[in-house]
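**Q** Give me coordinates for this.
(one chain, ligands or ions: 2)
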Amino acid sequence: MVEKVTDMESAAERTRKKILEVRRLRKTFNAGKSNELTAVDDISFHVYEGETFGLVGESGCGKSTVGRIILRLYAPTSGDVFFAGENVGQIKDKANLSSFRRRAQIIFQDPYASLDPRMKVKDIIAEGIKLHSLAQTKAEMDSRVNELLALVGLNVSHANRYPHEFSGGQRQRIGIARALAVRPEFIVCDEPISALDVSIQAQVVNLLQELQEERKLTYLFIAHDLSMVKRLSDRIGVMYKGKLVEVGAGDEIYYYGAHPYTESLLSAIPSADPDYGKTHRRVIYRPERDIKSEALALRQISGDHYVYCGEGDVGYYREKIELKKGAAKKTLDRENI
Ligand SMILES: Nc1ncnc2c1ncn2[C@@H]1O[C@H](COP(=O)(O)OP(=O)(O)OP(=O)(O)O)[C@@H](O)[C@H]1O
Ligand SMILES: [Mg+2]
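**A** Ligands and ions are numbered 1, 2, ... in the order given. Sure thing, here's the model as predicted:
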């Protein structure tokens, strides 16, 4: 029997190990009060071991809240997070919780606010090592700290300084060293470069990529810039007002993103092409356009490409993506003549 393409791809997907699974996660802040806000609204996705999953969306759409719930820094209102098959919300045992906290780390959005100004760099980096008893002697601890400083491109002489003595890029390197100190497997990188100078951003991104390869890390990389996320991510999830509106392989989303909100994000990416301004039009997303009366959900369009839509819209999105792919092929053919 001939297997359908989508089924074959799903079969390939099934063989990959999921290190993280988020199921129907919801977070409502200030429930029952006048300022009630559902920051995360019934989202589900998974992250494969060793990959970078990029979570992208505009400011306030709930990205950091998702990251914080995954790491058990916030409790969800409902839904579950599974890390390496274990339900994170149900870890009761102190030793298991400590093990989870070691294995899953975070690099924070703001390198200025996330480092304790009263602590020396070496103590910031050593904190986790001490907490998880990963060094037996002071000499071992010092050598671990020095090793980590070198790993993130900082000088050993920096160990005795305080955070305020460093630039933003250097502080973010300290934050990265702190996360790596406990030998994690998974890191939530919460907009780790958005507070940095453009000139420094590439350095920090390269460092994160090198470290991922060297240490076989899995990243959940949060950002609001789709072009940056595309550069780094194997797969991308696009968030809009607490919901995941599209999920797929990085290239698929970047070139053939089909949900109107993804298209609006894509249209906001500047281009180096000098003719770009003449033909390019920014697409403004108007949510009411795609809200239908039928139940909306993240539905499979093809392979691992999912779009938030009604059952009746699946055919429409399939066709839309095929048309986009056809148009891209035609352009390529024309260029190759
Ligand atoms: N502790 C909290 N109490 C109340 N509301 C909160 C809390 N944390 C976040 N929010 C609200 O939830 C929404 C989502 O916030 P979140 O920080 O997750 O967004 P984000 O996508 O990370 O945005 P940004 O790109 O600006 O970092 C926002 O409206 C925010 O004001
Ligand atoms: Mg955030």
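**Q** which parts of the longest helix along the chain are buried?
**A** When the chain is parsed with DSSP state H, its longest helix is helix 314-336. Within helix 314-336, the residues scored as buried using 16 or more other CB atoms under 10 Å are Tyr317, Arg318, Lys320, Ile321. C-beta here means a position set from N, CA and C on the backbone, and glycine is covered the same way.
**Q** ok, which stretches of the stretch 201-337 of the chain are strands?
**A** 218-223, 235-240, 243-249, 296-302, 305-310 (DSSP state E, counting those that start in this stretch).
**Q** who wins for proximity to Leu332 among those strands?
**A** Nearest to Leu332, of all the strands of the stretch 201-337 of the chain, is strand 243-249, at 18.6 Å by CB to CB.
**Q** quick one, that closest one and strand 305-310 angle?
**A** Between strand 243-249 and strand 305-310, the angle comes out at 150 degrees (axes from the mean of the first three to the mean of the last three CA atoms, to 10 degrees).
**Q** What's the mean pLDDT across strand 243-249?
**A** The average pLDDT for strand 243-249 rounds to 97.
**Q** Direction included, what does it pair against?
**A** Sheet pairing of strand 243-249 (DSSP bridges) gives strand 235-240 (antiparallel), strand 305-310 (antiparallel).
**Q** That strand and ligand 1 in contact?
**A** No - for a cut-off given as CB under 6 Å from any ligand atom, strand 243-249 has no contacts with ligand 1; the smallest distance is 12.0 Å.
**Q** ok, how many other residues are close to Asp197?
**A** Asp197: 11 surrounding residues under other CB atoms under 10 Å.
**Q** can you put the strands of the stretch 201-337 of the chain in a markdown table and add mean neighbour count?
**A** Shown next, in a markdown table, are the strands of the stretch 201-337 of the chain (neighbours: other CB atoms under 10 Å):
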| stretch | mean neighbour count |
| --- | --- |
| strand 218-223 | 25 |
| strand 235-240 | 25 |
| strand 243-249 | 24 |
| strand 296-302 | 18 |
| strand 305-310 | 22 |
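**Q** Dump those to TSV, plus distance to Phe53.
**A** TSV is the format used below for these (distance: least, CB to CB, whole Å):
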stretch	distance to Phe53
strand 218-223	5
strand 235-240	5
strand 243-249	9
strand 296-302	14
strand 305-310	13
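**Q** thinking again about what came up before, could you export the strands paired with strand 243-249 as a markdown table, including distance to Ile174?
**A** Listed next are the strands paired with strand 243-249 as a markdown table, based on distance: least, CB to CB, whole Å:
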| stretch | distance to Ile174 |
| --- | --- |
| strand 235-240 | 28 |
| strand 305-310 | 37 |
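**Q** Now the stretch 101-250 of the chain against ligand 1: closest residue?
**A** His224 (5.2 Å; CB to the nearest ligand atom).
**Q** what's the first-to-last distance across stretch 25-41?
**A** 7 Å (CA to CA, to the nearest Å).
**Q** that older thread, let's have the buried residues of helix 314-336 in CSV, adding distance to ligand 1 and pLDDT.
**A** Listed next are the buried residues of helix 314-336 as CSV, based on distance: CB to the nearest ligand atom, whole Å; pLDDT from 0 to 100:
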residue, distance to ligand 1, pLDDT
Tyr317, 25, 95
Arg318, 29, 95
Lys320, 27, 94
Ile321, 26, 94
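**Q** List just the nearest of those residues to Tyr254.
**A** Using CB to CB, these come closest to Tyr254 at Ile321, 12.8 Å.
**Q** Roughly how far does the closest one sit from Lys120?
**A** As judged by CB to CB, to the nearest Å, Ile321 and Lys120 stand 53 Å apart.
**Q** and what of Lys33?
**A** Taking CB to CB, one finds Lys33 at 42 Å from Lys120.
**Q** So those two - more neighbours on which side?
**A** Using other CB under 10 Å as the criterion, Lys33 and Lys120 rank with Lys120 on top: 15 against 8.
**Q** Could you pull up the residues touching that one?
**A** Contacts for Lys120 (CB atoms under 8 Å, 6 or more residues apart in numbering) come out as Ala159, Asn160, Arg161, Tyr162.
**Q** one more time with 10 Å
**A** Ala126, His158, Ala159, Asn160, Arg161, Tyr162, Pro163 (CB atoms under 10 Å, 6 or more residues apart in numbering).
**Q** Please produce a markdown table containing those, extended by distance to ligand 1 and neighbour count.
**A** Shown next, in a markdown table, are these (distance: CB to the nearest ligand atom, whole Å; neighbours: other CB atoms under 10 Å):
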| residue | distance to ligand 1 | neighbour count |
| --- | --- | --- |
| Ala126 | 29 | 23 |
| His158 | 28 | 17 |
| Ala159 | 31 | 19 |
| Asn160 | 33 | 11 |
| Arg161 | 28 | 16 |
| Tyr162 | 26 | 15 |
| Pro163 | 21 | 20 |
